[in-house]
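Sequence plus the predicted model coming up.
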Amino acid sequence: MSYKLSVIIPVFNAEDYIKECLDSVVDQSLGIDNIEVIIVNDNSCDSTLDIISQYTDKYPSFKLISNKSNLGPGESRNMALKEVSSDYVTYLDADDFISQNAYEDALSKINEFNADLLIYNWETYTGSDYVEPINIHQQNTLENKLITDIKQNPKLFLSTAPWNKIYHRSLFKYLKFSKGFYEDNIVAILALINAKRIFLSKDSIYYYRKNSDSTTENITVDSSIHLSNSIKEIFDLRYEYPEFLNDLKLLNINFIYDILFWTYYYNWALADELKIINKLKSVIIPLKKEDIDRFKQLFPDKLSYEKDILDLDKYDAETFLAKYKYFNRLNKVNSQASLYVDTGKGFNESDKVAIDYSPLKKNNLEFSLENFGNISKLRFDPLEGSFIKCRITNNLPISDANCDNSVDDDYQIFTNLDPCYVLDADFSDISSIQINFDLEILTNNDIANLFRQKDNIINDLQVKPKKRKFSFFNKKE
């Protein structure tokens, strides 16, 4: 049978939403007999497959592909594209749905204007009366418009969603999704660059469900790593499409901003923050002030980290975090003290007791050791993510500390972001330990004075990265 449009729907554990999604396709004014629906069940383990079967049994135009293992939406879309029989394809996510006239109206405009790519409106669906603000990636189409030169419409480079678009067969070769959380960015960019006639339609609507369980709503350390990989993919396009470099920079400036915002906002472990910044530094190309200025001109309400972005390649990761996150107090200080327990395997995250507290000048914390045996050493971290001056005031056996002065001094000064003491004694007969300590968070002036004493002011650390973490107090290189 000949179909006017093919719709690819990757599905994984979508029992709560898949029926509304499929109903929105069945009810299309174009007629379900004209729509080839290719569903890829990505090894769901809930009742999703049972629901899908109700549709495949009823509608001949529905096709089902079942993955034997979970491959992710990108690979699932790639598999489905091989089964497409019509000249046009679009994507629909299993938790989203579309307006009733979406496909008929879109195909009508494609035929009228001889477009090989159509982009229609999308709205965020929250299931309530709350209206989500316009997203920077959201093409706010106020009028129907034909575009024959995308370089005259650079904002479109941020329209990276694959699902509010209909692609002609001539673009199928660019619809190769990569693995990872942000598998759609490169596909959208390649389609935009290679489309000859793009039509923006205000008359069709894709409803994007704001789902708290989705990858885009649950930001993790891995989110930053995967988005960094996407940044590299996008920058690498400059070799094949050098004339679009400035436009590729627009999209990646936005993604760099997102990663920095997440790193500033979330209180992740310092090691993870260092990993993110190092990864980001490894994938970006040098950006200039005029690149930032162009972005700000097009998106004046978005950017606030201009200097941070421009300085990414000037500092090692820890210096960058110190200068732009912790010096500026852009995040909430992670008010947590940790006690790492060495039971013969060294200090590791699995053998740790953490206590949330509000840091005061004088602090008294008690850590339970009931779950540990054969304790040889303890490591006490009074406060992660801040430069501090600290001293333990009860009589505990301090053998070492990663401070910049001596453990025998009245106070220990820590100008690293992960201050710690090592306690070395026989702890085999105790079920808990009380640690009393005085603590002060160093001010910017305090730190600046310390750096000046060593002729090593942080603002001058732009010539070459340090060889190891925060080596401000080492001899000059």
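Perfect, I can see it now.

drop to CA atoms for contacts and neighbour counts, all remaining ones
Will do.

Pull up the gap between Tyr182 and Leu175, please.
Distance, Tyr182 to Leu175, by Cα to Cα, to the nearest Å: 14 Å.

Please disregard the earlier target; I meant Ser376.
In this view, Ser376 and Leu175 are 57 Å apart by Cα to Cα.

neighbours around Asn394, how many?
11 (other Cα atoms under 10 Å).

so it makes contact with Asn436?
Yes - with contact defined as Cα atoms under 8 Å, Asn394 counts as touching Asn436 (5.7 Å).

Following the chain past the longest helix along the chain, name the next helix or strand.
Assignment by DSSP state H gives helix 245-265 as the longest helix of the chain. The helix or strand immediately downstream of helix 245-265 is helix 270-283, counting by DSSP states H and E.

Which neighbouring elements make contact with that following helix?
Judged by 3 or more Cα pairs under 8 Å, 6 or more residues apart in numbering; DSSP states H and E, the packing partners of helix 270-283 are helix 221-236, helix 245-265, helix 317-321.

how many degrees apart are it and helix 245-265 in direction?
Using axes from the mean of the first three to the mean of the last three Cα atoms, to 10 degrees, the inter-axis angle of helix 270-283 relative to helix 245-265 is 170 degrees.

So what touches helix 270-283?
Around helix 270-283, the neighbours that count as contacts under Cα atoms under 8 Å, 6 or more residues apart in numbering are 221, 224-225, 228-229, 231-232, 256, 263, 312-313, 316-318, 321, 384-385, 417-418.

One more pass at 7 Å, please.
In this structure, residues lying in contact with helix 270-283 by Cα atoms under 7 Å, 6 or more residues apart in numbering are 221, 224-225, 228, 231-232, 263, 312-313, 317-318, 385.

Then stretch 436-451?
327, 360-365, 386-394, 457.

Take the residues you listed and keep only those in strands.
362-365, 388-392 (DSSP state E).

Put together JSON lines for those residues, with pLDDT, distance to Ser76 and neighbour count on each row.
Listed next are those as JSON lines, based on pLDDT from 0 to 100; distance: Cα to Cα, whole Å; neighbours: other Cα atoms under 10 Å:
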{"residue": "Lys362", "pLDDT": "87", "distance to Ser76": "57", "neighbour count": "14"}
{"residue": "Asn363", "pLDDT": "90", "distance to Ser76": "54", "neighbour count": "16"}
{"residue": "Asn364", "pLDDT": "90", "distance to Ser76": "54", "neighbour count": "15"}
{"residue": "Leu365", "pLDDT": "92", "distance to Ser76": "51", "neighbour count": "14"}
{"residue": "Ile388", "pLDDT": "88", "distance to Ser76": "50", "neighbour count": "25"}
{"residue": "Lys389", "pLDDT": "92", "distance to Ser76": "53", "neighbour count": "17"}
{"residue": "Cys390", "pLDDT": "95", "distance to Ser76": "54", "neighbour count": "23"}
{"residue": "Arg391", "pLDDT": "95", "distance to Ser76": "56", "neighbour count": "20"}
{"residue": "Ile392", "pLDDT": "96", "distance to Ser76": "56", "neighbour count": "22"}
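
which one of those residues sits closest to Arg238?
Arg238 lies nearest to Ile388 out of the ones in strands among the contacts of stretch 436-451, by Cα to Cα, at 44.6 Å.

For that closest one, list the residues it contacts.
413-415, 439-442.

just those residues now: which is nearest Ser85?
Nearest to Ser85 among these is Thr415, at 62.8 Å by Cα to Cα.

pretty sure that closest one is touching Phe387, no?
Yes - when contacts are counted by Cα atoms under 7 Å, Thr415 is listed as touching Phe387 (5.0 Å).

And Glu440, how far from Leu360?
8 Å.

out of the two, which sits in the busier spot?
Neighbours were counted for Glu440 and for Leu360 using other Cα under 10 Å; Glu440 has more, 17 against 12.

name the element the more buried one belongs to?
strand 432-441.

Report how many residues lie close to the residue nearest to Asn364 when sequence neighbours are not counted.
Of all residues not flanking Asn364 in the chain, Asn436 sits nearest, at 4.4 Å (Cα to Cα, 6 or more residues apart in numbering). Per other Cα under 10 Å, the neighbour tally for Asn436 reads 17.

separation between Asn436 and Thr393?
Distance from Asn436 to Thr393, by Cα to Cα: 5 Å.

And Ser159, by the same measure?
57 Å.

So for those two, which residue has more residues nearby?
Using other Cα under 10 Å as the criterion, Ser159 and Thr393 rank with Ser159 on top: 21 against 15.

Distance of the more buried one relative to Trp122?
From Ser159 to Trp122 the distance is 11 Å (Cα to Cα).

Remind me which helix or strand the spatially most distant residue from the centre of the chain belongs to.
Largest separation from the mean C-alpha position in the chain: Asp429, at 45.5 Å (Cα atoms, centre = their mean). Under DSSP H and E, no helix or strand contains Asp429.

okay, now Asp308: neighbour count?
18.

element containing it?
Here Asp308 is assigned to helix 306-310, by DSSP H and E.

how about that helix: buried residues?
308-309 (16 or more other Cα atoms under 10 Å).

Send me it as PDB with only the CA atoms.
C-alpha atoms of helix 306-310 as PDB (Å, rounded to 0.1, in the frame of the first residue of the first chain):
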ATOM      1  CA  GLU A 306      30.200  35.400  28.700                       C
ATOM      2  CA  LYS A 307      33.500  35.700  30.400                       C
ATOM      3  CA  ASP A 308      33.300  32.100  31.800                       C
ATOM      4  CA  ILE A 309      32.900  30.800  28.200                       C
ATOM      5  CA  LEU A 310      35.700  32.900  26.800                       C
END
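
what packs against that helix?
Packing contacts for helix 306-310, counted by 3 or more Cα pairs under 7 Å, 6 or more residues apart in numbering; DSSP states H and E, involve no helix or strand.

Can you give the distance from that helix to the centre of its chain?
18 Å (Cα atoms, centre = their mean, to the nearest Å).

From the rest of the structure, what touches that helix?
With Cα under 7 Å, 6+ apart, helix 306-310 has contacts from 287-288, 292, 324.

Highest neighbour count among these?
Result: Ile292 is most packed of the contacts of helix 306-310 (other Cα under 10 Å), 20 neighbours.

what pLDDT does that one get?
We have a pLDDT of 94 for Ile292.

next one: Asn218
75.

Same question for Ile430.
Value listed for Ile430 in the pLDDT field: 88.

what about it, neighbour count?
Ile430, neighbours per other Cα under 10 Å, totals 13.

222 is where my numbering starts, stick with that
From this message on, residue numbering opens at 222, which makes the last subject Ile651.

and the closest residue to it other than its chain neighbours, how far is that from Ile596?
Spatially, and ignoring its direct neighbours in sequence, Ile651 is nearest to Leu590 (7.2 Å; Cα to Cα, 6+ apart). Applying Cα to Cα, the value for Leu590 to Ile596 is 9 Å.

Could you do Asp271 as well?
Counting by Cα to Cα, the gap from Asp271 to Ile596 is 53 Å.
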